[in-house]
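Colleague: can't give you the sequence, but here's the structure:
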């Protein structure tokens, strides 16, 4: 076989090289176009980001940091990573003399684990918002019988809680518990919490017990960049984030850390410098990862450039408006929204007031073409059997929806949940019986198809960025 023949086969399109995978990709594209993506951690990224992710940058290995690589041929890769770092700092309006950033984490979970590895060290103590109260697995979640997250396996975790009555973080309890637990680091971060975080209060609590303060802004990073929610940078020592949620970039993670002088010299004592940079960088590589994903780093740079535009700020402003309209509409129909509303991109709906579980709500909405996720609400005992659903507006807003369209979305959600109640009344409490009745009962199945058709006819009116596949 000649060189031309070899290259020729490698230049086949996906449709030519693997029709089976191509067909599945097209099925997923069809699902996204015809459905309503309301998972709060999902978004539709730009064609420019997708082009970067599928570029030749994927081919290059570049272990190490710019200027200190373990491989040759990294001159261009170094320029890309340095540009990405520069744009990250610019996007969040922080000074390069006071903040550094590592853009190599593969995702948000590895980013968080790298911080704990470098700063807290094994069996050090951490405090994060409990998962049932809106926190994330990587903030230390465990149950009475099992350590669920690796964070709780390798570090000692003590969660803080929200008030079951209001759904709001109980800062007074956090302050009291922190004095007893004496954590090395406190995490101000959320996975399903719809209100602003009080970073100043977090800082005061951390100072009181001598703890570092880390913000995990993964969910709100796009809102922070646009300046439409409070920024964690004024008060925190470390800030982590994913880049694919409200930020609308590739699936990757980043870690910001303070650097420079922490305490100036006063004559009697020498100046104290922050020591996060080397500890975090070495935890990322060689501690936890190998070669960075250069295509993703370049795509982060593309997203960070867009995050500095007026268009991006208008988008993030609309994301919040849409979430607030979603909250208002559902509450008017009698649904309970945890905390009574939202300051950001998501809401948490407690379905106990509607006589449903989160799993039943998620399933019926999935069947009619609305993607969301079941989620714990304050007071839940099991993350596997939660009482709520989490709904977000970033992806719908990317497709151009505004308040009038969200009102239609509320109506469609309501139709789905009403159907769920009817099905549950027939099937009984067990989820397996509910699913069987929903999918196999001819009357209910016909109702599903009718609502789904309405959802699809509505959704296809709104374009998606990216390729045709």
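Modeller: It's in. Worth saying up front: this structure is predicted, and the values here are computed from it rather than measured. Numbers count the residues shown, from 1 in each chain.

Colleague: which residues of this structure score low on pLDDT?
Modeller: Residue ranges of the chain with pLDDT under 70: 1-3, 5.

Colleague: Scan it for its longest helix.
Modeller: Criterion DSSP state H: the longest helix present in the chain is helix 403-427.

Colleague: between whichever helix or strand comes after that one and helix 403-427, how big is the angle?
Modeller: Downstream of helix 403-427, the first helix or strand assigned by DSSP states H and E is helix 431-440. Interaxial angle, helix 431-440 versus helix 403-427 (axes from the mean of the first three to the mean of the last three C-alpha atoms, to 10 degrees): 110 degrees.

Colleague: who touches helix 431-440?
Modeller: Residues outside helix 431-440 that contact it (C-beta atoms under 8 Å, 6 or more residues apart in numbering): 357, 359-360, 363-364, 367, 420, 423-424, 426-428, 444-445, 448. No exception for glycine: its C-beta is placed from N, CA and C like everyone else's.

Colleague: Just among those residues, which is most surrounded?
Modeller: residue 364 (29 neighbours; other C-beta atoms under 10 Å).

Colleague: Just want the phi and psi numbers for it.
Modeller: With angles defined as degrees, to the nearest 10, residue 364 sits at phi -70, psi -40.

Colleague: List the contacts of it.
Modeller: When contacts are counted by C-beta under 8 Å, 6+ apart, residue 364 touches 416-417, 419-420, 423, 438, 448.

Colleague: again with residue 361
Modeller: Residues near residue 361 by C-beta under 8 Å, 6+ apart: 349, 351, 354, 372, 374, 388-389, 416-417, 420.

Colleague: The longest helix of the chain: how far from the chain's middle?
Modeller: Centroid separation between helix 403-427 and its chain, computed with C-alpha atoms, centre = their mean, to the nearest Å, is 25 Å.

Colleague: Mind listing residues that contact that helix?
Modeller: When contacts are defined by C-beta under 8 Å, 6+ apart, helix 403-427 is touched by residues 36, 38, 321-322, 325-326, 329-330, 333, 335, 351, 354-356, 360-361, 363-365, 367-368, 370, 391, 393, 396, 401, 433-434, 436-438, 441, 444, 447-448, 451, 454-455, 458, 462.

Colleague: Just the ones of these in strands?
Modeller: Cross-referencing those against strands under DSSP state E gives 36, 370, 391.

Colleague: Pull out the buried residues from the host helix or strand of residue 188.
Modeller: Under the criterion of DSSP H and E, residue 188 resides in strand 185-189. Within strand 185-189, the residues that count as buried by 16 or more other C-beta atoms under 10 Å are 185-189.

Colleague: Let me have the contacts of residue 364 in a markdown table, extended by distance to residue 64.
Modeller: Converted to a markdown table, the contacts of residue 364 look like this (distance: C-beta to C-beta, whole Å):
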| residue | distance to residue 64 |
| --- | --- |
| 416 | 50 |
| 417 | 52 |
| 419 | 55 |
| 420 | 52 |
| 423 | 56 |
| 438 | 53 |
| 448 | 53 |
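
Colleague: Got the domain ranges for this structure?
Modeller: 56-306, 320-459 (automatic domain parsing).

Colleague: circling back to that earlier point, give me the helices and strands touching the strand holding residue 188, please.
Modeller: strand 125-127, helix 199-209, strand 212-216 (3 or more C-beta pairs under 8 Å, 6 or more residues apart in numbering; DSSP states H and E).

Colleague: Tell me which stretches of the stretch 251-400 of the chain form helices.
Modeller: Ranges of helices in the stretch 251-400 of the chain, per DSSP state H, counting those that start in this stretch, are 276-282, 294-306, 310-332, 358-367, 394-398.

Colleague: Show the buried residues in the contacts of helix 403-427.
Modeller: Buried subset of these (neighbour count, 16+ other C-beta under 10 Å): 36, 38, 321-322, 325-326, 329-330, 335, 351, 354, 356, 360-361, 363-365, 367-368, 370, 391, 393, 396, 401, 434, 437-438, 444, 447-448, 451, 454-455, 458.

Colleague: Contacts for the strand holding residue 188, please.
Modeller: Defining contact as C-beta under 8 Å, 6+ apart, one finds that strand 185-189 is touched by 115-116, 119-120, 124-129, 135-136, 139-140, 174, 178, 197, 199, 202, 205-206, 211-218, 232, 236, 238, 240.

Colleague: Going through these, which ones are buried?
Modeller: Neighbour counting by 16+ other C-beta under 10 Å classes 115-116, 119-120, 125-129, 135-136, 139-140, 174, 178, 197, 199, 202, 205-206, 211-218, 232, 236, 238, 240 among the contacts of strand 185-189 as buried.

Colleague: Relative to the strand holding residue 188, what are the paired strands and their orientations?
Modeller: Next to strand 185-189 in the sheet, as set by DSSP bridges, lie strand 125-127 (parallel), strand 212-216 (parallel).

Colleague: Give me the angle between that strand and helix 199-209.
Modeller: 170 degrees.

Colleague: now strand 185-189: how far from the chain's centre is it?
Modeller: On C-alpha atoms, centre = their mean, the centre of strand 185-189 falls 16 Å from the chain's centre.

Colleague: Residue numbering should commence at 456 henceforth.
Modeller: Sounds good: first residue 456 from here, last item strand 640-644.

Colleague: Mind listing what's buried along stretch 787-802?
Modeller: In terms of neighbour count (16+ other C-beta under 10 Å), stretch 787-802 has its buried residues at 790-794, 797-802.

Colleague: closest to residue 746 among these?
Modeller: For the buried residues of stretch 787-802, the closest approach to residue 746 (C-beta to C-beta) belongs to residue 800, at 32.8 Å.

Colleague: quick one, what contacts that closest one?
Modeller: Residues near residue 800 by C-beta under 8 Å, 6+ apart: 495, 674-675, 678, 701, 774-775, 778, 847-849.
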